[in-house]
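Student: Any chance you can model this:
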Amino acid sequence: MVKFEDVDPEMLDQVERGWQRRGRVSWPILKMFLESKKFVVKLDITDTQRKMSSLYSSLNTYVKNLNLPIKVLAIKGDIYLKRTDIDKDGNSIELGENAEPGKEPVTVEQMVGEIDQGKR
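Tutor: Numbering: from 1, shown residues only. Below is the predicted model:
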């Protein structure tokens, strides 16, 4: 049986804001990777308390839900992040989902800003 607990209406704003909070591990990793302008990186997760499979799953979910230009790969027990919006030389490529006639493609900086502001 479920029990209901009374909540102070003034506390509701704080509770609602908690749902918009970005992750403590996954989002900072993805944000740093996007801002690094690197094409592909291998994650060193020895200092984290997350298991590889858990972090991989979390990163993949963030990428898919936020429609980020990143591919998350798990190869031989390691996690790799690969950019899909630039080539290996760092040249920008137009993404299919961002390429709309008459509309400017969304930049990585715009994406990160929208996500940080809770607009995505």
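Student: Can you name the residues in contact with stretch 47-62?
Tutor: Under the criterion CB atoms under 8 Å, 6 or more residues apart in numbering, residues 23, 25-27, 29-30, 43, 45, 68, 72, 74, 77-79, 81 lie in contact with stretch 47-62. For the C-beta atoms, the positions are set from N, CA and C on the backbone; glycine is no exception.
Student: List buried residues within those residues.
Tutor: Burial by neighbour count, 16 or more other CB atoms under 10 Å: within those this picks out Ser26, Trp27, Ile29, Leu30, Leu43, Ile45, Leu68, Val72, Ile79, Leu81.
Student: Now the fifth one. Nearest residue, chain neighbours left out?
Tutor: Spatial nearest neighbour of Leu43, excluding adjacent residues (CB to CB, 6 or more residues apart in numbering): Ile79 at 4.5 Å.
Student: for the helix or strand where that neighbour lies, packing partners?
Tutor: If you go by DSSP states H and E, Ile79 is part of strand 78-83. For strand 78-83, the helices and strands in contact under the criterion 3 or more CB pairs under 8 Å, 6 or more residues apart in numbering; DSSP states H and E are helix 26-36, strand 40-42, helix 52-66, strand 70-75.
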